[in-house]
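Asks: Just the structure for this:
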Amino acid sequence: FHSTFVLKSTIDPCGLFLSPLRSLQSLSSIHSLSNTSSTPQSMRILFCHGLGSSTRNRVSQQLTKLFDGTEHQFEAVQYPSPCPCWRVNDWLKTIEEKLNGKNTVIVAQSAGAHPVLNATIKHPNKVKGLFLLSPGFDVDFAYVDKVIPGAMERLKKGERLVHPASRNGEEALVDMEGFLQFRETCVSTHDGDLPIHCPVTVVHGTNDELVPYGNSIRLLMKLSSKDIHMRDVPGGTHFLSMDDDIVREEFEKFCIKMGIFKEVEKKVEKLRAKA
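Replies: Numbers count the residues shown, from 1 in each chain. Presented below is the predicted three-dimensional model:
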């Protein structure tokens, strides 16, 4: 493991409590993770939601308001309708079509991080940075039974089930083939380091019952990037948004690092009052 890995956390990967917000770094040379630009760049920001969510979810609404009227272009990616059942590879194709060579950073939430990580590996020169909320990395089949009790046995028998919608989300028809595809194409199955070299920030709730917090730590340990940052949300669930103080703080830091904001303008801080 050769990247500079900064983890602001109240717990370690084994679940043992650390001093609040203790910073952990690898043994490689320490360098500044603040690569701010003197002049804000015109950027393209894509938002990729998770399964059961939609382009109308809380984060999408907040980001729409944040970037409205700025020089930046924000788009919540609209995935194709399942035909008939959900396939994560359809999401990947849609995201790849959105990578048009411009300065693009991607905000991904939950299962939306799965195709985003694959797209970043396939198109390294088109993605400038990643901000991941509760990323769906290395999710096992236990997830299915958490969302739909008893679902695995029914899926194994060939049944199709309705994945429930989250707030402002959309239901999705799912089957065993779709979950197998999700599992088999996850970047967690890659041997060795993942060839993702852009800046990556991850924010994850410590009480996430759908995607364990430790999964994000394992993700960061596989990345080749030398600009990796993770922050936990103590007591946070899977459904994080800009309503969370830590999420707003980390997203603003990320935007400054990427040159989206010139300086700390507290733009993100205003979201909770506006949204």
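
Asks: which residues of this structure fall in strands?
Replies: Along the chain, counting by DSSP state E, strands occupy 5-11, 17-24, 44-48, 73-76, 104-109, 129-133, 161-163, 172-174, 200-205, 228-233.

Asks: Ranked by average pLDDT, which of those strands falls at the bottom?
Replies: Of all these, the minimum mean pLDDT falls on strand 17-24 (a mean of 31).

Asks: Low-confidence regions, this structure specifically.
Replies: 1-41, 263-275 (pLDDT under 70).

Asks: swap the cut-off to 50 and go again
Replies: For the chain, residues meeting the criterion pLDDT under 50 lie at 1-4, 10-38.

Asks: what helices or strands is the longest helix that it contains leaning on?
Replies: Longest helix in the chain, counting residues (DSSP state H): helix 245-257. For helix 245-257, the packing partners by 3 or more Cβ pairs under 8 Å, 6 or more residues apart in numbering; DSSP states H and E come out as strand 129-133, strand 200-205, strand 228-233. For every residue, glycine as well, the C-beta is placed using N, CA and C.

Asks: Adjacent strands (with direction) for the first one?
Replies: Strands that pair with strand 129-133, judged by DSSP bridges, come out as strand 104-109 (parallel), strand 200-205 (parallel).

Asks: show me where the stretch 101-250 of the chain has helices.
Replies: Under the criterion DSSP state H, counting those that start in this stretch, helices of the stretch 101-250 of the chain are mapped to 113-122, 142-147, 151-156, 176-184, 213-222, 245-257.

Asks: Now do the last one: distance to the chain's middle.
Replies: Relative to the mean C-alpha coordinate of its chain, helix 245-257 is positioned 14 Å out (Cα atoms, centre = their mean, to the nearest Å).

Asks: Spatially central, which residue of the chain would that be?
Replies: What sits nearest the mean C-alpha location of the chain, by Cα atoms, centre = their mean, is residue 132, with 2.4 Å.

Asks: need the contact list for that one.
Replies: 107, 108, 109, 113, 116, 200, 201, 202, 203, 216 (Cβ atoms under 8 Å, 6 or more residues apart in numbering).
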